[in-house]
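Asker: okay, here's the prediction I keep looking at, along with the sequence it came from:
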Amino acid sequence: MTAFILMVIVFILGYMAIALEHPIKVDKAASALILGVLVWVVFILEVSNILSLGFSNAWQSFLESTNLAEFKKLYPEADMLEQMRHFVIENQIVEHLGEISEILFFLLGAMTIVETVDQHQGFKLITDKIKTTNKVKLLWILSILTFFMSAMLDNLTTTIVMVALLRKLVADKKTRWFYASMIVIAANAGGAWSPIGDVTTIMLWIGQQVTAANIIAMVFVPSVFNMVFPLIIVSFMMKGNVEKPDLNGAEMQDYTTPGEQRLLLIMGVGALLFVPVFKTVTHLPPYMGMLFGLGVLWVTTEILHRNKPVEDKRKLTIVGILRKVDVPTIFFFLGILSAVAALESAGHLHLLSEYLDEHVHNIYGINAAIGLLSAIVDNVPLTAGAMGMYPIMTEALVAASSEPTYMHHFIQDGAFWELLAYCAGTGGSILIIGSAAGVAAMGLEKIDFIWYMKKISLLAMVGYFGGILIYWLQEMLLFHM
């Protein structure tokens, strides 16, 4: 049990190092990488003690699916300890690395596409149309744009695009941090109600806990209020105009034409919009669609600039643009997701989900807690834990259960699953590293963790609990009147 607790202590210490990035003057990516490795080190060194506790669902499933007699034939010297190590190294690390790699390659592809459009001044065509410098008006415009873009693309890609736009609209760093943070809230809210907008909603849709039409109908209004409540509060506090950055386009104009700007903007946005279509048609993971879009864009830039001077070509083709992509953000993702994966494999998250079910036993309480926890650990394993905790009920099973009213919440399109999509999708906004959108914004704009806690966390919490209240009122009006 000591090693099991030690894993949590290591995670908390690593998390604190990430949070205190600026005071300790150590980049969060470095802390995350060390954290990601150390949690697995504690796990593998004490693997027999940790897995023998029986909290790991993955280990129990592995034992049931593995032919022990066959294993002994292949590895005659192997004992149970050897089998446990084999499970962690060959099964869990490889499985989690596959899932993490999908996110990393998706992020790398999206960041490169956005950087390519930006390098060709494609976003200038959009920012030129946003004339207002009024802080409140600009905030509402950007938030609403983010909300609906996030539903079409996903919250991660949308945040990357919007932060790139923001750099063209706001000069002051702290003001830009504030706008980027509000974009994170809007992106997570927009992703929660769309079947393709957030990875947790995608999981519930693919797992058949929810249907596409129903999740849009039932979660849209709470998600709108999740964004609107913080915006209303900020609208009363914010005054004055933003200072636009002094963009010197002369140098760029020397080697990009208006036609090239339009072409790259259309192709870049088209490549991002193509990803959910690719996934639906081929059933392959989204990162493959993103890499395909990047490949097409790469070929286009190579052909488009093949006759230009070497110096211009270097700036405008993907080879040169890749040097500008924020690699530390990729490493940060790798570290933090690896650490959470270790806690999932060892059984910490399963234990947590069981505790919630036993001691809370209320769909609003359980989902509210899952949402709050998703601000600390990744929402994907939390959602997976919740999905594993409850089967999808049928009307016959509900009728046969001892608590038919409570268990009815767990049928397909039941209130539990709808609320889970909302809470897991938006709870991460409470902390900057609680969602993929927040991590991307933090990496791209170097937003300080403590600054976000002081300035944004309370606003995000008001939106989060406000949305839950709106969902409850919606349920009362629709089904209990």
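Answerer: The structure has been received and is ready for your questions.

Asker: C-alpha only now, for contacts and for neighbours.
Answerer: OK.

Asker: is it true that residue 322 touches residue 112?
Answerer: Yes - judged on C-alpha atoms under 8 Å, residue 322 makes contact with residue 112 at a distance of 6.4 Å.

Asker: burial of residue 239, as a residue count?
Answerer: Burial of residue 239, expressed as a neighbour count using other C-alpha atoms under 10 Å, amounts to 11.

Asker: quick check: residue 131 is in a helix.
Answerer: No - under DSSP: H, G, I helix; E, B strand; the rest coil, residue 131 sits outside any helix and is assigned coil.

Asker: what about it, distance to residue 173?
Answerer: Using C-alpha to C-alpha, to the nearest Å, residue 131 is found at 20 Å from residue 173.

Asker: more crowded one of the two?
Answerer: Under the neighbour definition other C-alpha under 10 Å, residue 131 and residue 173 were set side by side, and residue 173 has more, 13 against 9.

Asker: of residue 322 and residue 112, who's got more company?
Answerer: Neighbour count, other C-alpha under 10 Å: between residue 322 and residue 112, residue 112 has more, with 23 against 18.

Asker: which helices and strands sit right next to the host helix or strand of that one?
Answerer: According to DSSP states H and E, residue 112 maps onto helix 94-119. For helix 94-119, the packing partners by 3 or more C-alpha pairs under 8 Å, 6 or more residues apart in numbering; DSSP states H and E come out as helix 155-166, helix 258-282, helix 286-304, helix 310-316, helix 318-321, helix 327-346.

Asker: if we use 10 Å, what do you get?
Answerer: Packing partners of helix 94-119 (3 or more C-alpha pairs under 10 Å, 6 or more residues apart in numbering; DSSP states H and E): helix 155-166, helix 258-282, helix 286-304, helix 310-316, helix 318-321, helix 327-346, helix 436-445.

Asker: which residues touch the shortest one?
Answerer: Taking contacts as C-alpha atoms under 10 Å, 6 or more residues apart in numbering, the residues outside helix 318-321 that touch it are 112-113, 115-116, 118-119, 294-295, 297-302, 311-315, 324.

Asker: still on that earlier bit, now the angle from the helix holding residue 112 to helix 436-445?
Answerer: 50 degrees (axes from the mean of the first three to the mean of the last three C-alpha atoms, to 10 degrees).

Asker: helix 94-119: how far from the chain's middle?
Answerer: Computed by C-alpha atoms, centre = their mean, to the nearest Å, the chain-centroid distance of helix 94-119 equals 12 Å.

Asker: now do it, average pLDDT.
Answerer: Mean per-residue pLDDT for helix 94-119: 84.

Asker: which parts of it are buried?
Answerer: For helix 94-119, the neighbour count (16 or more other C-alpha atoms under 10 Å) marks 96, 100, 102-119 as buried.

Asker: next SSE downstream of that helix?
Answerer: helix 124-127.

Asker: show me what that following helix is packed against.
Answerer: By 3+ C-alpha pairs under 10 Å, 6+ apart, helix 124-127 packs against helix 155-166, helix 258-282.

Asker: deepest of those, which one?
Answerer: helix 155-166 (a mean of 25; mean count of other C-alpha atoms under 10 Å).

Asker: the helix or strand that that helix is followed by vs helix 436-445, what angle?
Answerer: Beyond helix 155-166 in the direction of the C-terminus, DSSP H and E gives the next helix or strand as helix 173-192. Interaxial angle of helix 173-192 relative to helix 436-445 (the same axes, to 10 degrees): 160 degrees.

Asker: what is the mean pLDDT for helix 173-192?
Answerer: 92.

Asker: let's number from 37 now, not from 1
Answerer: I'll keep to 37 as the first residue from here, and by that count the last item is helix 209-228.

Asker: quick check: residue 505 touching residue 258?
Answerer: Yes - contact criterion C-alpha atoms under 10 Å: residue 505 and residue 258 qualify, at 8.1 Å.

Asker: more neighbours: which of those two?
Answerer: Shown here are residue 505 and residue 258; by other C-alpha under 10 Å, residue 258 has more neighbours (27 against 15).

Asker: for the stretch 187-336 of the chain, give me the ranges with low pLDDT.
Answerer: Where the stretch 187-336 of the chain drops to pLDDT under 70, the residues are 242, 283-291.

Asker: circling back: of the contacts of helix 354-357, just the buried ones, ChimeraX syntax please.
Answerer: Of those, the buried ones go into a single ChimeraX selection, burial set by 16+ other C-alpha under 10 Å:
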select :148,149,151,152,154,155,330,333,334,336,337,348,349,351
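
Asker: coming back round to it: who touches both of residue 505 and residue 258?
Answerer: Common neighbours of residue 505 and residue 258 are listed as residue 499 (criterion: C-alpha under 10 Å, 6+ apart).

Asker: dump the helices and strands packed on helix 160-163 into CSV; add distance to residue 37 as well.
Answerer: Below are the helices and strands packed on helix 160-163 laid out as CSV (distance: least, C-alpha to C-alpha, whole Å):
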stretch, distance to residue 37
helix 191-202, 37
helix 294-318, 42
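
Asker: of those, give the one that comes closest to residue 413.
Answerer: Closest to residue 413 of the helices and strands packed on helix 160-163 is helix 191-202 (C-alpha to C-alpha; 16.6 Å).

Asker: how distant is the closest one from the center of its chain?
Answerer: With C-alpha atoms, centre = their mean, you get 13 Å for helix 191-202.

Asker: which strands and helices sit next to that helix?
Answerer: Looks like helix 191-202 contacts helix 130-155, helix 160-163, helix 171-188, helix 209-228, helix 294-318, helix 472-481 (3+ C-alpha pairs under 10 Å, 6+ apart).

Asker: out of these, which gets nearest to residue 60?
Answerer: Using C-alpha to C-alpha as the measure, helix 472-481 is the one of the helices and strands packed on helix 191-202 that comes nearest residue 60, at 17.0 Å.

Asker: which helices and strands sit right next to that closest one?
Answerer: Packing contacts for helix 472-481, counted by 3+ C-alpha pairs under 10 Å, 6+ apart, involve helix 64-81, helix 130-155, helix 191-202, helix 209-228, helix 363-382.

Asker: columns distance to residue 263 on top of these, output as CSV?
Answerer: Output for these, formatted as CSV (distance: least, C-alpha to C-alpha, whole Å):
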stretch, distance to residue 263
helix 64-81, 28
helix 130-155, 24
helix 191-202, 13
helix 209-228, 5
helix 363-382, 25
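
Asker: for residue 264, find the nearest of the ones you listed.
Answerer: helix 209-228 (8.7 Å).
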